[in-house]
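Pasting the sequence and the predicted coordinates here, then a few questions.
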Amino acid sequence: QVQLVESGGGSVQAGGSLRLSCAASGSFISINAMSWYRQEPGKQRELVASITSGGGTNYADSVKGRFTISRDNAENTVYLQMNSLKPEDTAVYYCHVDVRIGLSQYGDWGQGTQVTVSS
């Protein structure tokens, strides 16, 4: 129903920047919220940032002022610009989208991309 392709992860030193992308494709009518989550080994997946179809954003306190979420509705793509990265930002980052298919709403996850920040 929905295919999500993530890119942009990698390794960077503390203070550096990375930009994640997640492109959605499939047979959906529209995309509502698009979000980024992250998960460290042995820990629960946590919300990093989300953006509504109208552009409203929400951030975890730990990333406010450093990360920026944005979306290109024409390309069905969500981005996460990560600046001033810290070692504690190291995790697998997953995008999540809420889509409308027919009269129903569905959520789906990307495959995850590793972000490693060294001190």
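The structure has been received and is ready for your questions. What you are looking at is a predicted structure, and each value in this text was computed from that prediction instead of being measured. Numbering: from 1, shown residues only.

Find the residue at the geometric middle of this protein.
The chain has residue 36 as the residue nearest its centroid, 2.6 Å off, counting by Cα atoms, centre = their mean.

and the helix or strand hosting residue 115, which strands flank it?
Under the criterion of DSSP states H and E, residue 115 resides in strand 113-118. In the sheet, strand 113-118 lines up against strand 10-13 (parallel), strand 91-101 (antiparallel) (DSSP bridges).

Show residues contacting it.
Contact with strand 113-118 is made by 6-14, 16, 18, 20, 38, 82, 85-94, as judged by Cβ atoms under 8 Å, 6 or more residues apart in numbering. Bear in mind the C-beta positions are built from the backbone N, C-alpha and C, glycine included.

rerun at 10 Å
The contact list for strand 113-118 (Cβ atoms under 10 Å, 6 or more residues apart in numbering) reads 5-16, 18, 20-22, 38, 80, 82, 85-95.

Just the buried residues of the residues you listed.
Buried members of these, counted by 16 or more other Cβ atoms under 10 Å: 6, 8-9, 12, 18, 20-22, 38, 80, 82, 85, 89-95.

how close does residue 90 sit to residue 73?
Between residue 90 and residue 73 the computed distance is 31 Å (Cβ to Cβ, to the nearest Å).

Show me the contacts of strand 113-118 that map onto strands.
Under the assignment DSSP state E, the contacts of strand 113-118 contribute 5-7, 10-13, 18, 20-22, 38, 80, 82, 91-95 to strands.

What pLDDT is listed against the residue lying farthest from the centre of the chain?
Computed with Cα atoms, centre = their mean, the residue of the chain farthest from its C-alpha average is residue 103, at 25.3 Å. Each residue has a pLDDT score; the one for residue 103 is 90.
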